[in-house]
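# Sequence and computational prediction follow.
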Amino acid sequence: MKLPALPRPSRRVGSVLLVTLLISMVIGITLAAFMDLSGAQHRSVIRSGVWNSCIPVAESGLEEALTHVFLNSTNLATQGWTQSNSGLTMSNGIALTGTVYYKSRQLNGGSFLVAIQSGTTPTITVQGNMPKPLSTTDMISRTIEVRTVSSALFARGMVARGNIDWTGNILSDSFDSQDPAFSTNGLYVAARRKDNGSVGSVNGNITMGGGTIYGSASTGPTGSITPGSGGQVGDAAFIVGGGTGIQAGHSANDLNVSFPDAKVPFTSDPVPELPGGIITNSTVITNATAATALVYPTTYVGTVSSNRPTATTYPSGTTYPVNTNTSTVITGQGNSKKSTTVTNFTYTQFAFNTNSLSTNTTTTDYKIILDSGDYHVYDISLTGTNQMLVRGNARLWVDSFIKVATQITIANTGTLQVWVGGEVDIGGNGVVNSTSDATRLALYGLPTCTSISLVGNASLTGTIYAPQADFKSSGSGSGNYDVVGAVIVNTVFMNGRFQFHYDENLGRNGPSGSFVISSWVEL
């Protein structure tokens, strides 16, 4: 019996298996490559996110630095900022030279290092750091350099956070104490006024009654401006020409201003009493009197006149020729007739003025006398005959109230900066600024200062920055020189006859409101 031969394994089956293995290998390699590509892309996305996150972190440091230079421009080595006189090198190798004030802070899993190079326009360099993906120690850093310019704190005349309410004969205009064309010896004169008396309310309304604004008025988006009967807002030509209401182009509703809290720039313990004393003032008065001489007054400066008088006695002392005149005078009649010889002398005499001096002396007993330096006291009350004199560059910190019923005098040699924590009530003659320079008097209301009033005939030449205080003025005012300068307050209420004159010099040479960015570059 012959058995059939068994079939051999098909080569076709082996080929299929080989192809399957090859395909599986290709798929595996492709899948591995895809997974690797996906992982790399994922890491790149995460790194890109971290890279981008460094800038917001750096911007946080920039904002802190801008706030610091605004609040502490005269003393940057405060509030956790460190001063280095030998520069600073950041972790990414960027080196800063000269005096540098720097600070670091941990923020949102990252950190920033910010440095201020001070000056009239500070330069701020800030480095934002964020950890690399899957790491807590290796950092990604980005560094930016910002150059700043200062903006004027008093770029407008009168600004309030809330309502501005005028009742009565209120006027606001401007002048320029540094321009002879728009002032007289630095003083406001109505004939030389300007029409930049800007008035603004950020979050409230402006109600003017019948008041006049030589300039413009502005509010925030929800505010309104109500001129009232006879009220005027516009340029000088509009107002002088009898225009009423608001001139086109002289109002706006886009005012947006921030008001940082005022802060005392020095520290010291308060004292119960400030120094005082008696000041003697002597005034020398020159009195012109007529004088004559036989000799020409060669040392005299002025007009000298000469004449030829006649005298019966010889003018001894003269160096000029003397004419002798002899005449006979007959008196009586008959036997009583008498003959008398009379001799007269004609000579040269010089007439001129000479000066004599007299001295007027007055003494004033001042309760408070401030020289150059920093002072800290609980409160100030000037009543009765008590007065205050500022004769140096003084900085004054008052914890509680200031009440003036007499007078504060700022001498020609004085400047005064005041930080007050309570109510301010100014009456009497107010603050007599002998320099008539508004930059020499600055009143800062701390957050607890909620009321500032100017009453009666009190006047003030200076600036007021008190964002939490309600500013009130009432009374007849003192002519046309009630408030000269600028104010930034919470609300304004004016009643009676009152004039407010904005000194445009404050926009150029007054205190800086803040520093704004002029250029930005990544290093």
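That came through fine.
# List the contacts of residue 118.
69, 73, 76, 99, 101 (C-beta atoms under 8 Å, 6 or more residues apart in numbering). Glycine gets a C-beta too; all of them are placed from N, C-alpha and C.
# and the second one, how many neighbours?
Residues near residue 73, counting by other C-beta atoms under 10 Å, number 17.
# Repeat that for the third one.
By the measure other C-beta under 10 Å, the count of residues near residue 76 is 21.
# Just confirm it is within a helix.
No: counting by DSSP: H, G, I helix; E, B strand; the rest coil, residue 76 is not part of a helix but coil.
# Out of the contacts of residue 118, which one has the lowest pLDDT?
Across the contacts of residue 118, the smallest pLDDT goes to residue 73, namely 76.
# I figured that one hits residue 512, correct?
Yes: with contacts counted by C-beta atoms under 8 Å, residue 73 reaches residue 512, the gap being 7.0 Å.
# Among the contacts of residue 118, name the ones in helices.
residue 69 (DSSP state H).
# Dump the contacts of residue 118 into TSV; add distance to residue 341 as well.
Shown next, in TSV, are those (distance: C-beta to C-beta, whole Å):
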residue	distance to residue 341
69	100
73	95
76	99
99	99
101	103
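# from the contacts of residue 118, which is closest to residue 228?
Of all the contacts of residue 118, residue 73 has the smallest distance to residue 228: 40.9 Å, by C-beta to C-beta.
# list the contacts for the closest one?
Contacts of residue 73 (C-beta under 8 Å, 6+ apart): 118, 512.
# and with 10 Å instead?
116, 118, 120, 122, 150, 265, 511, 512, 515 (C-beta atoms under 10 Å, 6 or more residues apart in numbering).
# Keep only those of these that are in helices.
Using DSSP H, none of the contacts of residue 73 sit in helices.
# Helices of the stretch 201-350 of the chain, start to end?
Secondary structure of the stretch 201-350 of the chain (DSSP state H, counting those that start in this stretch): helices at 236-240.
# show me where pLDDT drops low in it?
Under the criterion pLDDT under 70, the flagged ranges of the stretch 201-350 of the chain are 332, 334-335.
# hey, where'd the strands end up in it?
206-207, 212-214, 217-219, 225-226, 232-234, 245-246, 251-252, 277-293, 305-307, 310-311, 323-331, 338-346, 349-366 (DSSP state E, counting those that start in this stretch).
# any chance of those strands in JSON lines, with distance to residue 162 and mean neighbour count too?
Putting these into JSON lines (distance: least, C-beta to C-beta, whole Å; neighbours: other C-beta atoms under 10 Å) gives the following:
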{"stretch": "strand 206-207", "distance to residue 162": "11", "mean neighbour count": "22"}
{"stretch": "strand 212-214", "distance to residue 162": "18", "mean neighbour count": "26"}
{"stretch": "strand 217-219", "distance to residue 162": "11", "mean neighbour count": "24"}
{"stretch": "strand 225-226", "distance to residue 162": "14", "mean neighbour count": "20"}
{"stretch": "strand 232-234", "distance to residue 162": "19", "mean neighbour count": "25"}
{"stretch": "strand 245-246", "distance to residue 162": "21", "mean neighbour count": "18"}
{"stretch": "strand 251-252", "distance to residue 162": "18", "mean neighbour count": "17"}
{"stretch": "strand 277-293", "distance to residue 162": "42", "mean neighbour count": "10"}
{"stretch": "strand 305-307", "distance to residue 162": "71", "mean neighbour count": "10"}
{"stretch": "strand 310-311", "distance to residue 162": "85", "mean neighbour count": "12"}
{"stretch": "strand 323-331", "distance to residue 162": "91", "mean neighbour count": "9"}
{"stretch": "strand 338-346", "distance to residue 162": "88", "mean neighbour count": "11"}
{"stretch": "strand 349-366", "distance to residue 162": "37", "mean neighbour count": "12"}
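# neighbours of residue 262, just the number please.
Residue 262, neighbours per other C-beta under 10 Å, totals 23.
# so what's it up against?
Counting by C-beta under 10 Å, 6+ apart, residue 262 makes contact with 71, 419-421, 442-447, 449, 465-469, 488.
# out of those, which are inside helices?
Filtering the contacts of residue 262 for helices - DSSP H - leaves residue 71.
# Emit the PyMOL select command for whichever of the contacts of residue 262 are buried.
Buried residues within the contacts of residue 262, by 16 or more other C-beta atoms under 10 Å, are selected in PyMOL with:
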select buried, resi 71+419+420+421+442+443+444+445+446+449+465+466+467+468+469+488
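# Give me the phi and psi angles of the closest residue to residue 386 other than its chain neighbours.
In space, residue 386 comes closest to residue 367 once its chain neighbours are excluded; the distance is 3.9 Å by C-beta to C-beta, 6 or more residues apart in numbering. Backbone torsions of residue 367, given as degrees, to the nearest 10, read phi -70, psi -40.
# show me the contacts for residue 367.
So residue 367 contacts 273-277, 380-389, 406 (C-beta under 10 Å, 6+ apart).
# How about residue 415?
Counting by C-beta under 10 Å, 6+ apart, residue 415 has contacts 370, 372, 390, 392-395, 433, 435, 437, 439-442, 462.
# Run through the bridge partners of it.
Residues in a beta bridge with residue 415, per DSSP bridges, are residue 393.
# and if you look at the one 5 residues further on?
Bridge pairing for residue 420 (DSSP bridges) gives the partners residue 398, residue 445.
# State the distance from it to residue 131.
48 Å (C-beta to C-beta, to the nearest Å).
# sorry, back to before: just the buried residues of the contacts of residue 367.
With burial judged by 16+ other C-beta under 10 Å, the buried subset of the contacts of residue 367 is 274, 276, 380, 382, 386, 387, 388, 389, 406.
# can you pull the contacts of residue 472?
Neighbours of residue 472 in contact, by C-beta under 10 Å, 6+ apart: 165, 425, 451-455, 489, 491-495.
# Secondary structure element for it, which one?
Assigned by DSSP states H and E, residue 472 belongs to strand 460-475.
# Ok, residue 20 next?
With DSSP H and E as the test, residue 20 turns up in helix 11-71.
# Which strand in the chain has the most residues?
strand 483-503 (DSSP state E).
# Just want the angle from that strand to strand 460-475.
Using axes from the mean of the first three to the mean of the last three C-alpha atoms, to 10 degrees, the inter-axis angle of strand 483-503 relative to strand 460-475 is 110 degrees.
# immediately after strand 483-503, which helix or strand?
helix 506-509.
# buried sites along stretch 304-320?
Buried, per 16+ other C-beta under 10 Å, within stretch 304-320: 315, 318.
# The residue lying closest to residue 71 once chain neighbours are set aside: what's it in contact with?
Closest residue in space to residue 71, ignoring its immediate chain neighbours: residue 263 at 5.3 Å, by C-beta to C-beta, 6+ apart. Neighbour list for residue 263: 70, 71, 72, 78, 79, 419, 444, 446, 447 [criterion: C-beta under 10 Å, 6+ apart].
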